[in-house]
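> need the 3D shape of this:
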Amino acid sequence: MPVSINRPAATFTKPAVGRFAPSPTGALHLGSLTTAIASYCHIKSIGGRWLLRIEDTDHQRCLPEFRHQILLDLERLGLHWDGEVWYQSQREAIYNELLEDTLLPRVYGCQCSRKQLAGHEIYPRYCLPEASLRRHVDQKSQSLAGKKVRIELPDYSIGFLDGIQGMQWANPQRRLGDVVLRRADGTINYFLAASVDDGLQGITHVMRGLDILPLTSAQIAIMQYLTLPAVAHWYHLPLVENQYGQKLSKQNLATPIDTSSKHHCQRLIQHALLLLKQPKVEIDTPEMMLKQATQQWQHTPLHNQSCLGRSS
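Residues are numbered from 1 along each chain as shown. Below you'll find the predicted structure:
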């Protein structure tokens, strides 16, 4: 069976660039805070830049008040990003251009309903054109209008070294199937937007939650299709869980963090670092606490872990 190992180009002269990419479907909670602090401390500990990207392509669920609150919370916590904030809602023309140009030979329209797909974990390719028609791109862009747009992911194993979870192998076709890149209403999905922006922003280090690990092989494949620079280093953090053992998330009504006072911010930073199994830091301004945390940062205590702890 063919295999592919994610081998980025030599990066010894390439500056380290990390990112935090929240979705403003709600306020930050303890789980997203630990991801922000971990990604910040890690990339700063190696002299890199920490970028902020707001993943807000879902216009129905992403609200302006949450975008504002996320930025405010990060500033109050001393998590100051480098450069300008990227808003994916302002970049949809770029995603659509790449979808209907570079990716066009590999995508196809799908009109299957949820009822038709009931019971299928992997898309059964009901709408996949015959092999002889797949590479003909003439008028194909128009045929995608008003349909879900799926991409043919490769049917071979892709390997990458995760700095926390160890060596990973996955066949994106067999694990995920032909994922949707654009919904029928035109909404750009995570797979496409994250792949494009990680490449165009020159992201070298991705540190994010363990729940995203199963999607990584698809992202690597899409970035390869687009001939974008590969992410050199992947890290998937153990998750913070609620009292029922579920991932702490907005969908599970996680409590928003409270950054309304310096004291609250200090306690939040302490709590996040404790969950991340980092050495204690002295109580000070948020900026000084993060500076000390950066100097002490080590991710070895997180190796091969799936849960950071439970939120009270």
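
> pLDDT-wise, which helix or strand of the protein ranks last?
Here the helix or strand of the chain ranked lowest by mean pLDDT, DSSP states H and E is helix 131-134, holding a mean of 55.

> outside of whatever helix or strand residue 270 lives in, which residues touch it?
Element membership for residue 270 (DSSP states H and E) is helix 262-275. By C-beta atoms under 8 Å, 6 or more residues apart in numbering, the residues outside helix 262-275 that reach it are 30, 33-34, 37-38, 76-78, 240, 257-259, 279-281, 283-286, 289-290, 293, 308-309. Every residue, glycine included, has its C-beta placed from N, CA and C.

> from residue 234, how far out is residue 159?
Computed as C-beta to C-beta, to the nearest Å, the residue 159 to residue 234 distance reads 11 Å.

> who's more crowded, these two?
Neighbours were counted for residue 159 and for residue 234 using other C-beta atoms under 10 Å; residue 234 has more, 22 against 15.

> show me what the helix or strand hosting the more buried one is packed against.
For residue 234, the host element (DSSP H and E) is strand 233-237. For strand 233-237, the packing partners by 3 or more C-beta pairs under 8 Å, 6 or more residues apart in numbering; DSSP states H and E come out as helix 30-45, strand 157-162, strand 205-209.

> could you tell me the angle between the shortest one and strand 233-237?
For the pair strand 205-209 and strand 233-237, the angle between their directions (axes from the mean of the first three to the mean of the last three C-alpha atoms, to 10 degrees) equals 20 degrees.

> distance between strand 205-209 and the chain's centre?
7 Å (C-alpha atoms, centre = their mean, to the nearest Å).

> other SSEs contacting the helix or strand that comes right after it?
Once strand 205-209 ends, the next helix or strand along the chain (criterion: DSSP H and E) is helix 216-225. Packing partners of helix 216-225 (3+ C-beta pairs under 8 Å, 6+ apart): strand 157-162, strand 166-170, helix 172-175, helix 190-200.

> hey, which of those is tucked in deepest?
With neighbours defined as mean count of other C-beta atoms under 10 Å, the helices and strands packed on helix 216-225 peak in mean count at helix 190-200, which reaches a mean of 22.

> which other residues reach it?
19, 21, 53, 55, 57, 86, 88, 91, 94-95, 98-99, 151, 179-182, 203, 206, 215, 218-219, 222-223, 226, 228-229, 231.

> so, low pLDDT: which residues of the stretch 201-312 of the chain?
Low-confidence segments of the stretch 201-312 of the chain (pLDDT under 70): 252-253, 312.

> could you identify which of the helices and strands packed on strand 233-237 is most buried?
helix 30-45 (a mean of 24).

> what lines up beside the helix or strand following that one in the sheet?
Following helix 30-45 in sequence order, the next helix or strand is strand 49-54 (DSSP H and E). Using DSSP bridges, the strands paired with strand 49-54 are strand 17-20 (parallel), strand 86-87 (parallel).

> okay, those strands, which one's buried deepest?
Greatest average neighbour count among the strands paired with strand 49-54 goes to strand 17-20 (a mean of 23), per mean count of other C-beta under 10 Å.

> which residues are contacting it?
Residues outside strand 17-20 that contact it (C-beta under 8 Å, 6+ apart): 35-36, 39-40, 42-43, 48-53, 74, 79, 81, 198, 201-207.

> quick revisit: quick check on the contacts of helix 262-275: which are buried?
Using 16 or more other C-beta atoms under 10 Å as the burial test, the contacts of helix 262-275 include 30, 33-34, 37-38, 76-78, 240, 257, 259, 281, 286, 289-290, 293, 308-309 as buried.
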